[in-house]
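*Asks:* Generate a structure from the sequence data that follows.
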Amino acid sequence: MKKIIFHYIILMFFFAGFINAQNHKPVSEPVKDGLLIHITEGYSNPHRVLMPLKMATLMAADKDVLVYLDIHAVELVLKSSKDLSMDGFESLMKMLKTLINDKVGIYVCPTCLKVAGYSESDLIPGVKLAQKEMFFNFTKGRIVTLDY
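*Replies:* Here you go, the predicted structure:
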């Protein structure tokens, strides 16, 4: 009888361990939140161009960041674009280079680019045409948006 009770106790521990292993979820990395920065201004308003790029550069250290340019802002990311500077900020080209090197997605509105008389081949390397899914797939966390 003692042997039966002993085997029963061993079986209980075995099944308890099996059930616990089935319910245990592997530890995963925490999900980073994302920041979508929307820029509409161009050369006529340097502050509204350089401030969002500065925010993108700062946030990219520990957040997923996507920069979206439309309206007048498409003229900032062309191979023929001039640099832009303002006291208190890095220059436009320096911040764009940093963001591209940090693998931050920089996207332009295809329609706005076409209306401005340019095509994808006119964009600086690392800048891409926007597609709707990129707005939802650049992060697994929450999406915070800053509009400039």
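*Asks:* so Leu113 makes contact with Val127?
*Replies:* No. With contact defined as Cβ atoms under 8 Å, Leu113 does not reach Val127; the gap is 10.0 Å. Every C-beta, even on glycine, is put in place using the N, C-alpha and C of the backbone.
*Asks:* Using the three-state scheme, assign the residue nearest to the spatial centre of the chain.
*Replies:* The C-alpha lying nearest the average C-alpha coordinate of the chain belongs to Val65 (Cα atoms, centre = their mean; 2.9 Å). Taking DSSP: H, G, I helix; E, B strand; the rest coil as the rule, one finds Val65 in the strand state.
*Asks:* residues making contact with the strand or helix carrying Met93?
*Replies:* Element membership of Met93, judged by DSSP states H and E, is helix 92-101. For helix 92-101, the surrounding residues in contact (Cβ atoms under 8 Å, 6 or more residues apart in numbering) are 49-50, 53-54, 56-57, 60, 65, 67, 76-77, 81, 83-85, 89-90, 106, 124-127.
*Asks:* so of those, which ones are in strands?
*Replies:* Val65, Val67, Ile106, Val127 (DSSP state E).
*Asks:* Please produce CSV containing these, extended by pLDDT.
*Replies:* CSV is the format used below for the ones in strands among the contacts of helix 92-101 (pLDDT from 0 to 100):
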residue, pLDDT
Val65, 97
Val67, 98
Ile106, 98
Val127, 98
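*Asks:* Of those, which is the most crowded?
*Replies:* Highest neighbour count within those: Val67, with 27 neighbours (other Cβ atoms under 10 Å).
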